[in-house]
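Novice: Fold the following and give me the result.
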Amino acid sequence: MDHRRETGNFLAGAALLAAMLPTLLFVTPALAQSVAVGGAVAKPLVLSFDALKAMPAVTVTVSQATDKGPSEGRFTGALAWSVIQDAGVTDAPGKNAYLRHVYMVTGADGYAAALSQGEIDPRLEGKQVILAWSKDGQPLTAPELVVPGDAHAARGVHDGVGIEVR
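Specialist: Presented below is the predicted three-dimensional model:
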């Protein structure tokens with residue numbers, strides 16, 4: 001195990017958390033309209049809602065249960081995979097290290113959901129998980145994580161503000 005690399009990853013993650021903390025604790029509408037990507041990445045980034053909207057669009061239709069009853073909609077947004085790849089995910093040493101990545105997507109209210117490498121990597125399951133900017137043709141006010149194929153919308157994160165690569 002290369003402790004220098006682990007220490008570097010920890011320090012980079014701590015720096016991102018310190019940078020994101022004001023956003024997570026004191027979210028204003030303007031701050032909720034950007035997504036910070038950090039953790040095990042080569043170049044942490046903050047992607048504005050407008051920059052997210054400029055990425056290639058993917059549209060998914062979901063019909064999922066919620067704690068308040070059924071919910072369905074047609075969402076358009078950028079693939080979460082593309083957003084994460086723009087930050088340059090870094091692998092720890094070891095066989096198939098890329099398979100160990102987990103992506104924690106956090107909302108402005110602190111709610112978080114995990115995505116696995118295997119489900120969003122196009123070389124594996126390639127699930128069309130998106131950070132949506134519109135629902136049923138109507139604009140959203142902040143990014144929303146949409147996970148098609150889930151029976152329940154529990155991993156739907158509203159007002160997405162961060163993705164931590166682990």
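
Novice: drop to CA atoms for contacts and neighbour counts, all remaining ones
Specialist: Will do.

Novice: Quick check: mean pLDDT of stretch 116-128?
Specialist: The average pLDDT within stretch 116-128 is 96.

Novice: so how far is the first residue of that stretch from its last?
Specialist: In stretch 116-128, first residue to last residue: 13 Å (C-alpha to C-alpha, to the nearest Å).

Novice: can you check stretch 101-113 too?
Specialist: With C-alpha to C-alpha, one end of stretch 101-113 sits 14 Å from the other.

Novice: how far does it sit from the chain's center?
Specialist: Offset of stretch 101-113 from its chain centre (C-alpha atoms, centre = their mean, to the nearest Å): 7 Å.

Novice: Quick one: mean pLDDT over it.
Specialist: Rounded mean pLDDT across stretch 101-113 is 96.

Novice: Buried ones in the biggest strand by length in the chain, by neighbour count?
Specialist: Scanning the chain for the longest strand, with DSSP state E as the assignment, gives strand 69-79. Buried residues in strand 69-79, defined by neighbour count with 16 or more other C-alpha atoms under 10 Å: 75-79.

Novice: what's the answer for stretch 56-67, then?
Specialist: 57, 59-64.

Novice: quick one: that stretch to chain centroid distance?
Specialist: 15 Å.

Novice: swap in stretch 116-133?
Specialist: 10 Å.

Novice: picking that back up, list of residues touching the longest strand of the chain?
Specialist: 52-53, 55-65, 128-137, 146 (C-alpha atoms under 8 Å, 6 or more residues apart in numbering).

Novice: So which of those are in strands?
Specialist: Going by DSSP E, the strands hold 58-65, 130-135, 146 from those.

Novice: Identify the farthest-apart pair in these.
Specialist: Val58 and Ala65 (22.1 Å; C-alpha to C-alpha).

Novice: Partner strands of the longest strand of the chain and their direction?
Specialist: With DSSP bridges as the test, strand 69-79 is paired with strand 58-66 (antiparallel), strand 130-135 (antiparallel).
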